[in-house]
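Novice: structure for this input, please:
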Amino acid sequence: MIKKLSLRSAGSGPQAGRVLAPGPWPADAGVTELKQFMCKQVDVSDRVPARARSGGRWLPWVSQGLLLAGLLAAQPAAGAAATNALSSSDCLTCHDDKKLTKTGPAGSKVLLYVDFAKYSASVHGSNACTTCHADITEAPHPDKFAAKPPVCTTCHAAAVISYEASTHGAARGAGKTNAATCADCHGRHEIVRRGAPASPIHHLNLGATCGRCHAQIRETVQHSVHGQAMARGVREAPDCTDCHADHRIEGLRKATPLKIAEQVCSRCHASLRLNTKYKLPADRVTTFFASYHGMAARMGSTTVANCASCHGFHNILPASDPRSSVNRANMVKTCRQCHPGANENFAFGKVHLDETARTGIGDRINWWVRRVYLLLIVGVIGSMLVHNALVMIRKILLARRNRELTVVRLTLSQRIQHLLLSLSFIALALTGFALKYPDGWIAYLLGSSEEVRRLGHRAAAVVMLALAVYHTAYLFLTREGRKLLRELSPRLKDVRDVFANLRYLLSPRSPRPAFARFGYAEKAEYWAVVWGTVIMGLTGLVIWFKMTSTQWVPRWVIEVAITIHYYEALLAVLAIVVWHFYHVFFDPDVYPYNSAWWDGRVPADLYREEHPLDRETLDAAGLAPHALPVKPEDGPKPPAAGTPG
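Specialist: Take a look at the predicted model:
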């Protein structure tokens with residue numbers, strides 16, 4: 001049996017507890033052997049102050065004699081000491097030997113030396129060895145004793161729980177013994193605080209620490225824009241844990257696009273302080289979430305492109321670098337990862353589209369289109385509101401009429417067309433705004449599937465476009481349609497009727513204009529539907545088949561088409577709500593609704609008063625102009641503009 005004895009210095013100075021006489025010696029050796037052993041192993045000259053050493057050559061022999069006496073005195077009590085609680089001094093009796101090793105897995109040598117000076121300076125310097133190595137209760141250890149890994153949970157329970165949920169902890173739990181442990185990242189006996197320059201998890205050292213297992217990734221990061229910034233000493237440059245977290249380290253390859261954009265990249269690129277300090281674009285996160293990619297990510301898509309899809313992850317490089325995936329020379333290849341057939345016109349368009357920017361022709365056209373539409377919406381919708389407010393006030397003052405007799409306003413074919421138009425329009429409006437605002441209440445009502453909203457929108461568009469084709473054929477190929485087209489064609493009288501009706505609405509003494517089957521209001525609404533269908537159909541097809549479109553036009557045309565499509569839809573929905581809904585629902589003469597869309601009929605007295613020039617319809621119903629005289633107390637009635645037709 002081999003034992004190891006030591007003599008430690010007393011006191012509280014930096015030399016306190018230092019091993020003075022390390023070395024193995026035979027337990028059954030005599031005094032002579034022990035003296036020879038000590039003469040060979042012990043050198044106390046460096047433990048004695050220089051001033052004392054200068055006093056003579058006898059001092060080393062005295063010190064050596066005292067050490068020998070101490071060792072002999074300790075020999076009888078060696079067996080009893082083993083039963084006492086272990087102290088760090090007991091452990092360092094052996095582990096202070098720089099050559100102390102054991103055979104590890106696969107025959108490798110494991111160094112068991114502990115540098116007591118470094119341990120004393122570590123964050124655990126005040127702890128006893130058994131604080132971490134709680135399974136060790138005696139020294140020397142029994143034969144074939146295998147110490148368990150240190151227990152960190154006693155003091156760092158929360159960190160250990162996070163670690164166990166990490167990719168490293170999961171790998172260890174699955175039996176992968178080479179997965180990183182606490183000691184692999186933090187060190188063992190020389191652990192220092194994270195902010196210390198010597199710490200392996202210090203900001204500047206973390207790459208090297210992680211690189212011990214992830215060497216290829218470390219090399220890639222070193223050449224990236226983040227690694228180069230770190231090499232320049234930029235403290236805010238992201239390190240491994242800024243993206244992957246610290247104790248709960250997670251792999252991001254399977255992370256959702258929303259997590260990448262909102263929880264990883266946004267931590268730095270949405271920071272006003274960092275963007276200002278380093279002169280970075282401040283809108284990268286907001287413009288991403290305003291794009292199709294960002295909106296789809298917010299609604300739960302797991303396949304839509306995220307930040308890393310275009311910019312890379314470990315190998316992120318500035319766009320000016322020829323190796324960058326967002327360099328102009330590489331953009332087509334990058335876009336084709338998700339968009340097969342993408343060409344330069346498509347790839348060179350802006351993904352981070354700033355609606356206020358006017359740096360290129362596409363930006364300038366988009367800016368002007370937006371401004372013109374905003375003015376158009378304010379002007380058109382504002383005029384509608386004023387007009388309908390005047391009509392409503394006027395009609396509330398009039399008595400309700402007798403509606404026992406009715407006339408035919410819409411034929412069966414026209415009612416079917418009106419029904420299909422209404423349903424497809426409503427479906428387009430709901431799915432369209434759900435696609436534009438995926439975090440809005442309409443999107444939540446339609447469910448979380450972006451694919452359902454997209455396919456629903458396209459299906460409704462197909463119905464409306466098919467109806468437009470049918471209606472065009474109906475207008476030109478049927479007698480009823482040709483008659484309808486003639487009656488809806490604008491005339492100079494319609495312009496005069498606009499001003500005449502305004503005078504009538506503003507002045508009770510002014511005569512009201514007489515209308516035929518359709519007045520200026522119905523004609524304006526009908527041709528607005530035609531105009532809107534053409535505009536929405538063309539821009540919708542360009543957006544839908546963007547790969548084909550960019551074979552002929554530059555990418556900015558797609559962006560302009562999206563802008564027109566959105567604002568035209570907004571204009572159409574507001575016009576329907578403000579104008580059409582008033583005349584078919586809220587007009588006092590038809591409230592609670594105009595039933596013409598269902599049975600094609602309207603009250604005879606109402607029709608006679610609003611369309612006195614439509615002699616053909618009145619005669620067919622047997623209603624001569626004098627058959628329903630207007631009572632003097634009722635006064636003249638304004639037209640119920642917008643009646644379906």
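
Novice: show me where the stretch 401-550 of the chain has strands.
Specialist: Using DSSP state E, counting those that start in this stretch, the strands assigned to the stretch 401-550 of the chain run over residues 406-408.

Novice: what about it, any weak spots by pLDDT?
Specialist: 401-404 (pLDDT under 70).

Novice: show the pLDDT at the residue nearest the centre of the chain.
Specialist: Taking Cα atoms, centre = their mean as the criterion, L258 is the residue nearest the geometric centre of the chain, at 3.1 Å. As predicted, L258 sits at a pLDDT of 92.

Novice: how close does E480 sit to Y474?
Specialist: With distances defined as Cβ to Cβ, to the nearest Å, the gap from E480 to Y474 amounts to 8 Å. Every residue, glycine included, has its C-beta placed from N, CA and C.

Novice: of those two, who's got more company?
Specialist: The residue with the greater number of neighbours, taking E480 and Y474 and applying other Cβ atoms under 10 Å, is Y474; the counts read 18 against 12.

Novice: which residue packs closest to the more buried one, ignoring adjacent ones?
Specialist: Among residues not flanking Y474 along the chain, G481 sits closest, at 4.2 Å (Cβ to Cβ, 6 or more residues apart in numbering).

Novice: domain boundaries for the protein, per the record?
Specialist: The record assigns the chain these domain ranges, following automatic domain parsing: 2-81, 152-251, 361-620.

Novice: show me the contact partners of stretch 296-311.
Specialist: In this structure, residues lying in contact with stretch 296-311 by Cβ atoms under 8 Å, 6 or more residues apart in numbering are 252, 256-258, 260-261, 264-265, 288-289, 292-293, 324-326, 334, 337-338, 351, 438-439, 443, 448-450.

Novice: ok, of those residues, which come out buried?
Specialist: 252, 256-258, 260-261, 264-265, 288-289, 292-293, 324-326, 334, 351, 438, 443, 450 (16 or more other Cβ atoms under 10 Å).

Novice: taking those residues one by one, which sit in helices?
Specialist: Secondary structure assignment (DSSP state H) places P257, L258, F288, F289, Y292, H293, T334, A443, E450 from the buried ones among the contacts of stretch 296-311 within helices.

Novice: among the residues you listed, which one lies nearest to G519?
Specialist: Nearest to G519 out of those is A443 (Cβ to Cβ; 39.0 Å).

Novice: for that closest one, what are its contacts?
Specialist: For A443, the residues meeting the contact criterion (Cβ under 8 Å, 6+ apart) are M299, F433, A434, L435, Y437, R453.

Novice: turn the residues you listed into TSV, columns for neighbour count and distance to L112.
Specialist: Shown next, in TSV, are the contacts of A443 (neighbours: other Cβ atoms under 10 Å; distance: Cβ to Cβ, whole Å):
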residue	neighbour count	distance to L112
M299	22	57
F433	21	69
A434	25	66
L435	21	65
Y437	13	64
R453	23	64
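
Novice: which of those sits closest to V573?
Specialist: Once Cβ to Cβ is applied, the member of the contacts of A443 that ends up nearest V573 is F433, at 8.0 Å.

Novice: the helices in the stretch 101-250 of the chain, which residues?
Specialist: Under the criterion DSSP state H, counting those that start in this stretch, helices of the stretch 101-250 of the chain are mapped to 116-121, 129-132, 157-164, 167-173, 182-186, 206-211, 215-222, 225-231, 240-244.

Novice: among the contacts of A443, which are in helices?
Specialist: When the contacts of A443 are checked against helices using DSSP H, the ones located there are F433, A434, L435, R453.

Novice: and of the residues you listed, the nearest to V553?
Specialist: If you rank the ones in helices among the contacts of A443 by distance to V553 using Cβ to Cβ, L435 comes first, at 22.5 Å.

Novice: and the residue nearest to the residue nearest to the centre of the chain when sequence neighbours are not counted, what helix or strand is that in?
Specialist: In this structure, L258 finds its nearest non-sequential neighbour in A297, 4.4 Å apart by Cβ to Cβ, 6+ apart. Secondary structure here is read from DSSP states H and E; on that basis A297 sits in helix 292-298.

Novice: and the residue nearest to the centre of the chain, what does it touch?
Specialist: A297, R298, G300, N306.

Novice: please redo it, this time with the cut-off set to 10 Å
Specialist: F289, G294, A296, A297, R298, M299, G300, S301, T302, V304, N306 (Cβ atoms under 10 Å, 6 or more residues apart in numbering).

Novice: how far away is the residue nearest to Y474 from T411?
Specialist: Separation of G481 from T411 (Cβ to Cβ) stands at 10 Å.

Novice: and the strands in the stretch 51-200 of the chain, which stretches?
Specialist: Going by DSSP E, counting those that start in this stretch, the stretch 51-200 of the chain shows strands at 101-103, 109-111.

Novice: can you tell me the SS state at A305?
Specialist: Classification of A305 into helix, strand or coil gives coil, according to DSSP: H, G, I helix; E, B strand; the rest coil.

Novice: surely K148 meets A134?
Specialist: Yes - K148 is in contact with A134 according to Cβ atoms under 10 Å; the separation is 8.3 Å.

Novice: using a markdown table, lay out the strands of the stretch 51-200 of the chain together with mean neighbour count.
Specialist: Conversion of those to a markdown table gives the following (neighbours: other Cβ atoms under 10 Å):
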| stretch | mean neighbour count |
| --- | --- |
| strand 101-103 | 11 |
| strand 109-111 | 10 |
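
Novice: okay, and the common contacts of E480 and Y474?
Specialist: S413, Q414.
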